[in-house]
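[1] dropping the sequence and predicted coords here.
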Amino acid sequence: MRHYLDHASTSWPKPPGVIEAGVSFQASCGAAAGRGGYRSSQEADRVVQSTRRLLQETIGAAHSDEIAFCTNGTHSLNAAIFGLALGSMGKPFHVVTTATEHNSVLRPLALAAKRGWLTWTAVECDPTGRVDPADVADAVRPETRWLFLNHASNVTGYIQDIAAIREIADRHSIHLMIDAAQSLGYLPIDVRDSGIDILSAPGHKGLGGTLGTGLLYVRREIQSSLAPLLIGGTGELSETIDGNFSWQSVIESGNLNVPAIASLKCAMEWKRSAPGTDYSLWIQQLLDAINASSKFEVVGSQRRSLHSHVPIISVVARSRNSGLLSQELAMMMESMANVECRAGFHCAGLIHKSLNTTDCGGTLRLSMGQTSQADDVVAACEGIQRVAEIL
Ligand SMILES: Cc1ncc(COP(=O)(O)O)c(C=O)c1O
């Protein structure tokens, strides 16, 4: 039996009915949303709009037109970053971000900087993955317009302090973008209470939808600062080629992945009535298994609570320069215990220097989600023990 502990990449298995919701939409309706007045196209529209409203409620957005569907987290972050860079009309601005960011933030920033559209500073984190808000404040310059923050690290699970970062943004009158890829669905997020101007997240991780959706929230007042990345069919004003199209319809140019949106809707409805998962016991079991072995070490802090970490644990060989690479550990976990977990640098290009995990090829990462089971965690603990015995 397969034990899947890679929810930080994408959640699996999906909650009950989620796959069927997508298949059933495709089989019984299957029409394009926003493209026709006939009944099934309107039905597709209803699926999209009701899912949008669920997302609006989930993140506390004031208006549903502040949320656009994308295909994944990477797409939504790119739409935000390049949108802001291109929308600045040739006036470069400065961004403060952190070393904990995913490459879907770091690479667009690097590319935009290479083209002279912006400059950026990545603030270091400590060996637990925590970013000190004082360091963020020190990095702000007169030309800084944006703070980009990864809410929860996809390597250590550490949750950053949004309120402290927002205070810095307020002090300097700058905007805040949050990458909630690892937090939405795990932690409550309220964009208005937290003063978040832009929020990006995939629909297929903590929210439980199938692959193929992401969301981008942009506060109404900010929307005109973003230039479109792509433009084409929007289903409205079709006789016009150079119109004043709405921000949301531009982001959603082209046909939406309505089957995946139908799945996301089902997942979010399921989540509302499902009992919340308390990850504390599982986290403790994993920490105990890792600590019981002289061969492994937890990356980052051992002191974990639901307020400080999402359910992600990274592990390395205790002697980090032993030549044992994280990829080899992952292969052993699968072959010896049927545990599927991810190894490597986890598309996080800068954090490993601070974590001292470069020479060991990154980390072995165990990540849980709402459909994880106790026996997945037991299998992972046994896997750690078995691998340790042969090292
Ligand atoms: C922190 C973070 N941001 C962004 C992404 C990109 O999301 P997606 O895989 O949906 O493109 C990920 C994916 O793992 C992530 O961990």
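    Structure's in. What do you need? Numbering: from 1, shown residues only.

[2] okay, CA-based contacts and neighbour counts for the rest of this
    Will do.

[3] dump the residue contacts of the residue nearest the centre of the chain.
    The geometric centre of the chain, computed from its C-alpha atoms, lies nearest to Ala181 (Cα atoms, centre = their mean), at 1.1 Å. Ala181 is in contact with Gly73, Asn150, His151, Ala152, Ser200, Ala201, Pro202, Lys205, Gly206, counting by Cα atoms under 8 Å, 6 or more residues apart in numbering.

[4] now the helices: where do they sit in the stretch 51-200 of the chain?
    73-87, 103-114, 133-139, 162-171 (DSSP state H, counting those that start in this stretch).

[5] and after the worst-scoring helix or strand of the chain on mean pLDDT, which helix or strand comes next?
    Sorted by mean pLDDT, DSSP states H and E, the helices and strands of the chain end with helix 247-251, the least confident at a mean of 92. Next along the chain after helix 247-251, taking DSSP states H and E as the criterion, comes helix 258-273.

[6] list the buried residues of that following helix.
    258-268, 270-271 (16 or more other Cα atoms under 10 Å).

[7] the helix or strand following that helix - contacts with which helices or strands?
    Note on helix 258-273: by DSSP H and E, the next helix or strand toward the C-terminus is helix 280-292. Counting by 3 or more Cα pairs under 8 Å, 6 or more residues apart in numbering; DSSP states H and E, the packing neighbours recorded for helix 280-292 are strand 296-298, helix 374-390.

[8] deepest of these, which one?
    strand 296-298 (a mean of 20; mean count of other Cα atoms under 10 Å).

[9] and that strand, average pLDDT?
    Confidence over strand 296-298 (mean pLDDT, whole number) is 94.

[10] name every strand pairing with it and say which way it goes.
    Note on strand 296-298: by DSSP bridges, its sheet partners are strand 312-317 (antiparallel).

[11] which residues sit against the partner strand?
    Counting by Cα under 8 Å, 6+ apart, 8, 154-157, 283, 290, 295-300, 324, 326, 357, 360, 362-368 sit against strand 312-317.

[12] just the buried ones from those residues?
    8, 154-157, 283, 290, 295-300, 324, 326, 357, 360, 362-368.

[13] among those, which are in reach of the ligand?
    Ala8, Asn154 (Cα under 6 Å from any ligand atom).

[14] quick one, domains of this protein?
    Using automatic domain parsing, the domains assigned to the chain come out as 3-12+276-390, 18-272.

[15] pretty sure Gly208 contacts Met268?
    Yes: using Cα atoms under 8 Å, Gly208 is in contact with Met268, at 7.2 Å.

[16] ok, Ser238 - contacts?
    Ser238 neighbours (Cα under 8 Å, 6+ apart): none.

[17] sec struct for it, please.
    Classification of Ser238 using DSSP: H, G, I helix; E, B strand; the rest coil returns coil.

[18] swap in the one 3 residues further on?
    Following three-state DSSP, the label given to Ile241 is coil.

[19] residues near it, how many?
    Per other Cα atoms under 10 Å, the neighbour tally for Ile241 reads 11.

[20] measure it to Gln26 for me?
    31 Å (Cα to Cα, to the nearest Å).

[21] try Asp138
    Where Gln26 is concerned, Asp138 sits at a distance of 52 Å (Cα to Cα).

[22] ditto for Arg272
    For Arg272 relative to Gln26 (Cα to Cα), the value is 24 Å.

[23] repeat for Leu149
    In terms of Cα to Cα, Leu149 sits 37 Å off from Gln26.

[24] so for the two, which sits in the more crowded spot?
    Between Leu149 and Gln26, counted using other Cα under 10 Å, Leu149 has the larger neighbour count: 25 against 16.

[25] show me the contacts for that one.
    Taking Cα under 8 Å, 6+ apart, one finds Thr97, Thr98, Glu101, Leu176, Met177, Ile178, Asp179 in contact with Leu149.

[26] again, but for Asp6
    Glu340, Cys341, Arg342, Arg365, Leu366, Ser367, Met368.

[27] what pairs with it across the strands?
    Here Asp6, judged by DSSP bridges, has bridge partners Ser367.

[28] quick one: pLDDT of Ile19?
    Confidence score, pLDDT, at Ile19: 98.

[29] also Ser273?
    93.

[30] same check on Asn321?
    Taking Asn321 on its own, its pLDDT is 71.

[31] from Cys360, how far off is it?
    6 Å.

[32] what touches both of the two?
    With Cα under 8 Å, 6+ apart as the test, Asn321 and Cys360 reach no residue in common.

[33] what does the stretch 201-350 of the chain have sitting close to the ligand?
    Pro202.

[34] does the residue of the stretch 201-350 of the chain found nearest the ligand have beta-bridge partners, and which?
    Nearest to the ligand, among the residues of the stretch 201-350 of the chain, is Pro202, at 4.6 Å (Cα to the nearest ligand atom). Judged by DSSP bridges, the bridge partners of Pro202 are Gly214.
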